[in-house]
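Q: when you get a sec, could you give me coordinates for this:
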Amino acid sequence: MSDNNKIKKPLRSAQWFGQRDKNGFMYRSWMRNQGIPEHHFQGRPIIGICNTWSELTPCNAHFRELADRVRRGVLEAGGVPVEFPVFSNGESNLRPTAMLTRNLASMDVEESIRGNPIDGVVLLVGCDKTTPALLMGAASCDLPTIVVTGGPMLNGKHKGMDVGSGTHVWRMSEDYKAGLISLQEFMDAEADMSRSAGTCNTMGTASTMACMVEAMGASLPHNAAIPAVDARRNALAFASGMRIVEMVAEDLKLSQLLTREAFINAIRVNAAIGGSTNAVIHLKAIAQRVGVELTLDDWQTYGQDVPTLVNLQPSGQYLMEEFYYAGGLPAVLRRLGEADLLHKPALTANGKSLWDNNRDAPCYNDDVIRPLNNPLCESGGICILRGNLAPRGAVLKPSAATPALMNHRGCAVVFENFEHYKERIMDPDLEVDATSVLVMKNCGPKGYPGMAEVGNMGLPPKLLKQGVTDMVRISDARMSGTAFGTVVLHVAPEAMELGPLAAVQDGDMIHLDAHNGLLEIDISNEELQARIAQLRVTRKPVQPGGYLQLYIDHVMQADEGCDFDFLVGCRGAEVPAHSH
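A: Model prediction:
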């Protein structure tokens with residue numbers, strides 16, 4: 001190691017490799033069967049490369065090469081890289097939803113870090129849930145940690161126009177159901193949407209969480225937006241490998257980066273980028289692991305009035321390639337900082353403050369990254385709703401909603417679960433019109449174990465054919481960050497827990513007033529409680545067994561981050577010594 005990387009405190013890995021006894025002999029001997037030279041055990045930091053590569057996770061398909069670039073950086077800085085796999089919960093293939101296994105993956109990460117001779121860790125993340133899962137697991141251990149995101153895929157191209165992953169699927173599916181395009185035209189777009197490795201090229205959950213990581217200082221600058229196949233992504237991975245060795249020498253732990261001020265910065269950035277509603281759940285879960293207090297009220301207090309500056313689908317026009325070429329997240333951070341909407345001294349992974357990293361960041365396209373006096377949406381922060389239908393809160397994304405529907409009263413059309421929705425929505429005789437409010441139950445953390453992304457319910461085909469393009473939709477589910485519409489999500493408590501949502505019936509009048517944060521059902525409290533009491537009598541317990549049972553028994557509600565109750569808190573990285 002260089003003089004610049006002098007270790008400030010004894011290495012954790014020395015508990016394995018630094019002992020001149022039988023145990024040290026065996027630990028070193030087993031590792032040396034991989035060709036590791038003797039001098040690598042003599043005071044060099046062991047750097048874990050936590051890899052979520054999997055052929056079943058297409059977003060992360062290029063992570064073998066990315067890990068190799070990290071490895072080269074670690075070696076150049078004098079560290080010893082050791083790559084290890086963890087559960088790769090890719091959103092695109094995993095049923096019923098990757099959210100079901102986010103906590104499982106975090107447990108894999110936590111115990112892999114805690115139980116192995118690792119001094120610092122590089123987290124290779126990409127697809128939606130891999131980012132929060134790995135951060136949650138690492139936060140529970142609190143070692144020096146840096147994140148390397150895989151980056152977004154290239155812009156989709158279809159019939160001469162840009163196609164946004166996810167967002168155009170929803171739009172073209174609705175166009176097909178409305179009879180505006182043929183089935184063949186819909187199918188032809190399939191190969192045009194995903195042109196390279198990488199995450200969704202819209203401001204979906206993957207790109208949102210990549211921005212959250214950079215905003216909180218857990219990565220190097222520009223990590224969020226460099227396209228997956230851009231050579232600069234590999235260069236950033238190399239630099240991150242070098243930097244983690246320095247972080248170990250400085251004993252710069254994850255908890256020093258993930259402070260309350262860092263989370264507030266992330267909330268404001270989420271508003272500015274038009275970020276995914278899923279960030280509300282994931283940031284809460286990460287904060288709980290590191291011991292930071294974060295509530296739904298913080299989203300209201302710090303984020304609601306922040307303008308949306310990034311003109312990206314699904315809220316706007318462009319895609320992630322244009323975002324990076326326009327200046328990426330540093331340009332957004334500079335504009336927020338100049339408006340005093342950032343905690344500027346927040347520490348970042350490169351050892352500098354957030355403001356030192358971004359104060360001079362250029363913006364090359366004011367239409368992609370708007371100035372504050374010309375925002376895409378004046379108040380772009382996640383809207384927190386409460387009322388007798390959501391006593392513990394619900395969320396709505398204003399930048400992706402229809403302004404005329406943000407204050408709306410309509411009759412409920414109720415679906416008891418997602419299967420009931422699929423059966424009923426296609427019925428040409430369904431009693432529904434453009435003013436109706438679609439309500440779906442039992443799709444929350446316990447009701448549809450994992451809280452699937454089904455909240456952006458497709459509209460009834462008979463209304464699509466009439467030219468209706470948006471309706472108020474309410475559920476205890478989540479929705480993809482690539483989705484859009486006036487969609488109320490994460491209603492808590494969920495219907496399966498006999499929250500008020502469970503009591504909604506066809507014809508009930510629902511009032512949404514997003515401007516005042518209200519979500520109400522127009523029935524008396526006595527009637528509401530009577531309905532819930534009746535449901536309590538008839539409700540049968542769900543006993544699926546296995547991991548599903550563990551999930552249902554221990555998952556917390558949406559406003560609590562949907563973590564397992566027994567995982568909350570930072571337990572540190574120390575384990576009892578093992579004697580062979």
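Q: against which helices or strands is whichever strand or helix holds W16 packed?
A: Per DSSP states H and E: W16 is located in helix 14-17. When contacts are defined as 3 or more Cβ pairs under 8 Å, 6 or more residues apart in numbering; DSSP states H and E, helix 14-17 packs onto helix 22-32. In this view, the C-beta of every residue, glycine as well, is placed from N, C-alpha and C.
Q: put the alpha carbons of the helix it packs on into PDB.
A: C-alpha atoms of helix 22-32 as PDB (Å, rounded to 0.1, in the frame of the first residue of the first chain):
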ATOM      1  CA  LYS A  22      -3.400 -22.900  14.000                       C
ATOM      2  CA  ASN A  23      -6.500 -20.900  13.100                       C
ATOM      3  CA  GLY A  24      -4.500 -18.300  11.200                       C
ATOM      4  CA  PHE A  25      -2.600 -21.100   9.400                       C
ATOM      5  CA  MET A  26      -5.900 -22.700   8.200                       C
ATOM      6  CA  TYR A  27      -7.600 -19.400   7.100                       C
ATOM      7  CA  ARG A  28      -4.500 -18.400   5.100                       C
ATOM      8  CA  SER A  29      -3.900 -21.900   3.700                       C
ATOM      9  CA  TRP A  30      -7.500 -22.300   2.400                       C
ATOM     10  CA  MET A  31      -7.300 -18.900   0.700                       C
ATOM     11  CA  ARG A  32      -3.900 -19.700  -0.800                       C
END
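Q: and it, what does it pack against?
A: Helices and strands touching helix 22-32, as assessed by 3+ Cβ pairs under 8 Å, 6+ apart, comprise helix 14-17.
Q: tell me the mean pLDDT for the helix it packs on?
A: In this model, helix 14-17 has a mean pLDDT of 94.
Q: show me the contact partners of that helix.
A: 23-24, 27-28, 31, 41, 43, 46, 117, 577 (Cβ atoms under 8 Å, 6 or more residues apart in numbering).
Q: give me the distance from it to the chain's centre.
A: 35 Å (Cα atoms, centre = their mean, to the nearest Å).
Q: for V163, give me the backbone phi and psi.
A: Phi and psi for V163, reported as degrees, to the nearest 10, are phi -120, psi 130.
Q: in CSV: the contacts of helix 14-17, plus distance to I425 and pLDDT.
A: Formatted as CSV, the contacts of helix 14-17 follow (distance: Cβ to Cβ, whole Å; pLDDT from 0 to 100):
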residue, distance to I425, pLDDT
N23, 63, 91
G24, 64, 91
Y27, 59, 92
R28, 62, 94
M31, 57, 94
F41, 62, 91
G43, 64, 92
I46, 54, 98
P117, 54, 97
A577, 59, 72
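Q: most neighbours out of those, which is it?
A: With neighbours taken as other Cβ atoms under 10 Å, the top of the contacts of helix 14-17 is I46, carrying 25 neighbours.
Q: in this structure it contacts V122, no?
A: No - when contacts are counted by Cβ atoms under 8 Å, I46 is not listed as touching V122 (11.9 Å).
Q: ok, back up a step: what is the nearest of the contacts of helix 14-17 to F186?
A: I46 (50.6 Å; Cβ to Cβ).
Q: so the closest one versus V80, what's the distance?
A: Going from I46 to V80 by Cβ to Cβ, to the nearest Å gives 5 Å.
Q: how about M440?
A: Relative to V80, and taking Cβ to Cβ, M440 is found at 51 Å.
Q: check M31 too.
A: 9 Å.
Q: what's stretch 194-202 in contact with?
A: If you take Cβ under 8 Å, 6+ apart as the criterion, stretch 194-202 is touched by 58-62, 126-128, 149-157, 164-167, 206-207, 210, 227-229, 312-314, 319-321, 481-482.
Q: just to revisit the earlier point, the more surrounded of M440 and V80?
A: Neighbours per residue (other Cβ under 10 Å) separate M440 from V80, with M440 holding more: 28 against 22.
Q: quick one: residues contacting the closest residue to that one other than its chain neighbours.
A: Leaving aside its sequence neighbours, M440 sits nearest to S475 (Cβ to Cβ, 6 or more residues apart in numbering; 4.0 Å). Contacts for S475 were tallied using Cβ under 8 Å, 6+ apart; they are 439-441, 443, 454-455, 457, 488-489, 491, 501.
Q: tell me the one of those residues nearest Y551?
A: C443 (14.5 Å).
Q: domains in the chain, as residue ranges please.
A: The chain breaks down by automatic domain parsing into domains covering 3-154+198-302, 383-539.
Q: and of these, who's closest to L347?
A: domain 3-154+198-302 (5.9 Å).
Q: off-centre distance for that closest one?
A: On the basis of Cα atoms, centre = their mean, domain 3-154+198-302 is displaced by 14 Å from the centre of the chain it belongs to.
Q: helices of the stretch 51-200 of the chain, start to end?
A: Using DSSP state H, counting those that start in this stretch, the helices assigned to the stretch 51-200 of the chain run over residues 63-76, 102-114, 130-141, 167-177, 183-188, 190-193.
Q: which of those sits most buried?
A: Each of these was scored by mean neighbour count; the highest is helix 130-141, a mean of 29, by mean count of other Cβ atoms under 10 Å.
Q: check which helices and strands it sits against.
A: Contact here means 3+ Cβ pairs under 8 Å, 6+ apart; on that basis helix 130-141 packs against helix 102-114, strand 120-125, strand 145-149, helix 205-215, helix 254-257, helix 278-290.
Q: want to try JSON lines for these, with distance to A272 as columns?
A: Listed next are those as JSON lines, based on distance: least, Cβ to Cβ, whole Å:
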{"stretch": "helix 102-114", "distance to A272": "25"}
{"stretch": "strand 120-125", "distance to A272": "21"}
{"stretch": "strand 145-149", "distance to A272": "18"}
{"stretch": "helix 205-215", "distance to A272": "9"}
{"stretch": "helix 254-257", "distance to A272": "20"}
{"stretch": "helix 278-290", "distance to A272": "12"}
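Q: could you dump the ones you listed into a markdown table with mean pLDDT and distance to N51 added?
A: Listed next are the helices and strands packed on helix 130-141 as a markdown table, based on pLDDT from 0 to 100; distance: least, Cβ to Cβ, whole Å:
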| stretch | mean pLDDT | distance to N51 |
| --- | --- | --- |
| helix 102-114 | 98 | 11 |
| strand 120-125 | 98 | 5 |
| strand 145-149 | 98 | 10 |
| helix 205-215 | 97 | 17 |
| helix 254-257 | 98 | 18 |
| helix 278-290 | 98 | 20 |
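Q: for the domains of the chain, state which one has the densest average packing.
A: Burial of those is given as mean neighbour count (mean count of other Cβ under 10 Å); domain 3-154+198-302 ranks first at a mean of 22.
Q: quick one: the helices in the stretch 301-450 of the chain?
A: Using DSSP H, counting those that start in this stretch, the helices of the stretch 301-450 of the chain run over 320-325, 328-338, 354-358, 418-424.
Q: turn those helices into a markdown table, columns for distance to P85 and mean pLDDT.
A: Shown next, in a markdown table, are the helices of the stretch 301-450 of the chain (distance: least, Cβ to Cβ, whole Å; pLDDT from 0 to 100):
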| stretch | distance to P85 | mean pLDDT |
| --- | --- | --- |
| helix 320-325 | 27 | 97 |
| helix 328-338 | 28 | 98 |
| helix 354-358 | 31 | 98 |
| helix 418-424 | 32 | 96 |
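Q: nearest to R370, out of these?
A: Comparing the helices of the stretch 301-450 of the chain by Cβ to Cβ, helix 328-338 comes nearest, at 8.5 Å.
Q: that closest one packs against which elements?
A: Packed against helix 328-338 by the contact rule (3+ Cβ pairs under 8 Å, 6+ apart) you find helix 205-215, helix 260-273, helix 354-358.
Q: those helices into CSV, with extra columns for distance to A533?
A: Shown next, in CSV, are the helices and strands packed on helix 328-338 (distance: least, Cβ to Cβ, whole Å):
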stretch, distance to A533
helix 205-215, 37
helix 260-273, 38
helix 354-358, 51
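Q: closest to I281 out of the contacts of S475?
A: L489 (9.6 Å).
Q: now do the SS call for the closest one.
A: For L489, the secondary-structure state derived from DSSP: H, G, I helix; E, B strand; the rest coil is strand.
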